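*Asks:* Would you be able to build a 3D model of this:
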Amino acid sequence: MTDILRTPGAWPRILLARADAADPADLDTAVRAGAFEGLRAEVRDLGATGTMATIAAANLRGRGGAGFPAAEKWRACAQTAAPRRYVVANGYGADPGSRTDLTLLERDPYAVLEGIAITALAVGADEAIVAVRAEETAIIAGLEHAIAAAETAGFLGDDILGTGHHVEVTVRPVQGAYMLGEETVLLKALEGKRGQPEQRPPYPATRGLFGMPTVVQNVQTLAAVPWILRKGPEAFAAIGAPGCPGTVLVQVRGPAHDGVAEVPTGTPLREIVALGGVLPAGRSLKAVLVGGPSGGLLPPGMLDVPLEFEALRAAGAHLGSGSIVAADDRACVVDLARLLTRFCADSACGKTIPCRIGIRRLYELSDRLTSGRSRPTDLALLDDLSHDIVASALCDHERLATFPLRSIAHYFKPELDEHILHATCPAGVCGPIALAAAGAPH
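*Replies:* As a prediction, the model looks like this:
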């Protein structure tokens, strides 16, 4: 299991409140700790309308990266006339360097399952799917065990808590790539089709899985729902950033250590980076990658930026998978940006020209920078190409794939200039090739 990092005692635990249980799949232990009390509150007191009003009052925003208000998505799904509706829990964990969602599924599957049941009853869905990486066999087995136990206890399946409502939850192992983090790509994969994004609108909430209204939520979003119904929307809204309250899971990684932590939204990056003691003794911090492979590289001077959707975007990064990677003074940010851009290019689905060609050209440009083949016009080309990709992109993968190179052009321009103008790497990481002038002696 991934390590859970120790956090200050004043920080609340919502998503990982039961993470220390000896057996996460033991239903009796989870129930004694409060599991399915939120579902009981929905059935007993709130009903579908009251549940959606409660989630709206809490201002719960999706933790999948876009930060869309959950209640708006639920209402759109519930109000769309259709013979059936679906709830899809995205637990795929598309970022290969982050196990935030997988840690939640591993440590407390009942929090996610309860959130699914509450959401399904609120929108009128009787089928739900938990999408998980096919190779995560232990997590899949744990989820299937938890679903069976919850069905036996009457929390899932037929006649939930004596209401006559039915919610069937299945685990779907999916295999794909980084693009499965995008909701329309995930739905295509669940339909057995090629994983490529769809033009929006229409949004999945009105036309999603098999053409039916579908609520697609990250597992962290769903796990927060029971807590809100138990404790009340005011308690949730009082935690973290006012515009995006609650907590979020982050994976803090560095040369020395890594682990997952639950932090209140709005927490400065400086406090989060300090959680894991991620730098070896004697090394200084050079950059922090925020948002995973398509995230932004921020300098130490930007560590007071709060962990919040709009603030991170304004700084040139994004919340994404919750991945926060600290790089010490031995790293070359130009080479890091090159590696990240290559990953994004290799992960692109290829549906559109900005995706298929634009990101690949960005990678080729970055490769020139780190091999001594840069051109004087490369900085202008980087800026123009990035703007063209963002302006014509179909999905966020294309838009965000520009972040690594754009962030170093903004925050680390002196180091970038060394690579472009002098074909040198101040960190000694890159191996620029010095070309002899034509006619010069060998």
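
*Asks:* Let me see the contact set for the most centrally placed residue in the chain.
*Replies:* Centroid-nearest residue in the chain, with C-alpha atoms, centre = their mean: residue 321, separated by 2.6 Å. Listed by C-beta atoms under 8 Å, 6 or more residues apart in numbering, the contact set of residue 321 reads 65, 93-95, 97-98, 100-101, 181, 251, 291-292. (Each C-beta comes from the backbone N, C-alpha and C, glycine too.)

*Asks:* pLDDT weak spots in the stretch 151-300 of the chain?
*Replies:* Counting by pLDDT under 70, the stretch 151-300 of the chain shows no low-confidence range.

*Asks:* circling back: measure how buried the nearest residue to the residue nearest to the centre of the chain once chain neighbours are set aside is and give me the count.
*Replies:* Excluding the flanking residues, the one nearest residue 321 by C-beta to C-beta, 6 or more residues apart in numbering is residue 95, at 3.6 Å. Other residues lying near residue 95 total 22 when counted by other C-beta atoms under 10 Å.

*Asks:* pLDDT at residue 95, what is it?
*Replies:* pLDDT for residue 95: 86.

*Asks:* mind checking how far the closest residue in space to residue 250 that isn't next to it in sequence is from residue 292?
*Replies:* The spatially closest residue to residue 250, leaving aside those adjacent along the chain, is residue 322, at 4.2 Å (C-beta to C-beta, 6+ apart). Taking C-beta to C-beta, to the nearest Å as the measure, residue 322 falls 8 Å from residue 292.

*Asks:* Overlap of the contact sets of these two?
*Replies:* With C-beta under 8 Å, 6+ apart, residue 322 and residue 292 have common neighbours residue 98.

*Asks:* the helices in the stretch 301-442 of the chain, which residues?
*Replies:* 309-315, 333-347, 353, 359-369, 378-392, 396-400, 403-411, 413-421 (DSSP state H, counting those that start in this stretch).

*Asks:* residues contacting the residue nearest to residue 321?
*Replies:* Contacts here follow C-beta under 8 Å, 6+ apart; on that basis residue 95 touches 178, 181, 292-293, 320-321, 323.

*Asks:* which among these gets closest to residue 272?
*Replies:* Distance to residue 272, by C-beta to C-beta, is smallest for residue 323 among the contacts of residue 95, at 11.2 Å.

*Asks:* where's the residue nearest to the centre of the chain relative to residue 148, distance?
*Replies:* Between residue 321 and residue 148 the distance is 29 Å, computed by C-beta to C-beta.

*Asks:* likewise residue 23?
*Replies:* Taken as C-beta to C-beta, the span from residue 23 to residue 148 is 15 Å.

*Asks:* need the helices for the stretch 1-150 of the chain, in chain order.
*Replies:* Along the stretch 1-150 of the chain, counting by DSSP H, counting those that start in this stretch, helices occupy 27-32, 37-41, 47-58, 70-79, 100-107, 109-123, 137-152.

*Asks:* Fine by me, we can end here.
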